[in-house]
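1. predicted structure and sequence below. I'll ask about it afterward.
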Amino acid sequence: MSLIAEITISFFLVVAGIFGLVGSFGLIKLHDSMQRLHAPTKATTLGVGGVLIASMLYFLLVKETLSFHELLITLFLFLTAPITANFVAKTYITRNVRPQDLPETDRRYGWAPYDDPPPQETAVPEEKTKH
Amino acid sequence: MITAALVFAFGCFGLGFLFNLWRISTGPDAADRLLALDTMVINAIALLILYGIYRGTAMYYEAAMLVAMVGFVSTVAYCRFVLRGDIIE
C-alpha cells in the first residue's frame, strides 16, 4: 500500500468525521427549530458522503476490489435528505405557525401544509380509464 | 495512519450520536425529535460503514443500505402521522 493512498483515505475519513460532528453539534447548538433544520440535513449528509468515498477508496486501493455499493448508498442518501427536510419543515409549520402568520404565496393556491393540492386540469388519464 | 483516522471518525460520529440523543430527550417540539431521529439514522449508517472498513469486509454495505431505506421510510411515516393523523390515506 502506497503512502499516497493511505494519506488520501485518512484525509477523507478525518474530513467526514469533522463534517458529521459539526452537523450533530449544530443540532444542539442552534436556537430555533427551523435553524436546526440546516445543520443535520447538509453537514451530516456530507459527512456520510465522505465516509463512503473513503470506504470506496479503501476497498479499491488496499483490497483491490471495485465495489459500487457505496455509490448506491450515496445516491439514496442524497436523494432522500431534501425530502426528509421538507417533511420535517412541513411538520413544524403545521404544529407551530398559524396560517395568517405566513406570507402570501402570490399564486392561485396557498401553502402546502394547510391547503389541498391544486386539482389536475388535464383529464386525459380519466378518459383512458373509462374505456 | 488509517487506523488513527478511523478512530478519529469513530469518535466524531459517536459524539454526534450522543448529541442526537440529547436533542431527542430534550427536544421542545415533535419536529426536533423527528430531525434528531433522522440524523441518528444517518450517523448509524456512517458508523456501520466505518466498522466495515475497520474489519476489512464488504459485508456491512447491505446492512447500511437497509438501515438507510428503513430510516427514510420511518421518518416519512412519522411525519405523515404528525401531519395528517394517518399514514396511508
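-> Ah, there it is. Numbering: from 1, shown residues only, chains lettered A, B, ... in the order given.
2. residues in contact with residue A:100?
-> By Cβ atoms under 8 Å, 6 or more residues apart in numbering or on different chains, the contact set of residue A:100 is empty. Placement of C-beta: from N, CA and C, glycine included.
3. quick one, grab the pLDDT at it.
-> We have a pLDDT of 77 for residue A:100.
4. and if you look at residue A:1?
-> With respect to pLDDT, residue A:1 scores 63.
5. ok, residue B:16 to residue A:61 distance?
-> 27 Å (Cβ to Cβ, to the nearest Å).
6. and those two? Which one has more around it.
-> residue B:16 (30 against 15; other Cβ atoms under 10 Å in any protein chain shown).
7. need the contact list for the more buried one.
-> Contacts of residue B:16 (Cβ under 8 Å, 6+ apart): A:20, A:21, A:23, A:24, A:25, A:44, B:39, B:43.
8. quick check: closest non-adjacent residue to it.
-> Nearest non-adjacent residue to residue B:16, counting by Cβ to Cβ, 6 or more residues apart in numbering or on different chains: residue A:24, 3.0 Å away.
9. using CSV, list the CA coordinates for stretch B:29-44.
-> What follows is stretch B:29-44, C-alpha atoms only, in CSV (Å, rounded to 0.1, in the frame of the first residue of the first chain):
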residue,chain,number,x,y,z
ASP,B,29,-41.2,20.1,19.6
ALA,B,30,-42.0,16.9,17.8
ALA,B,31,-40.2,18.2,14.7
ASP,B,32,-37.0,18.5,16.6
ARG,B,33,-37.3,14.9,17.8
LEU,B,34,-38.0,13.8,14.2
LEU,B,35,-35.0,15.6,12.9
ALA,B,36,-32.8,14.1,15.6
LEU,B,37,-34.0,10.6,14.9
ASP,B,38,-33.3,11.1,11.2
THR,B,39,-29.8,12.4,12.0
MET,B,40,-29.3,9.4,14.2
VAL,B,41,-30.1,7.1,11.4
ILE,B,42,-27.5,8.8,9.2
ASN,B,43,-24.9,8.6,12.0
ALA,B,44,-25.7,4.9,12.4
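10. give me the mean pLDDT for it.
-> 90.
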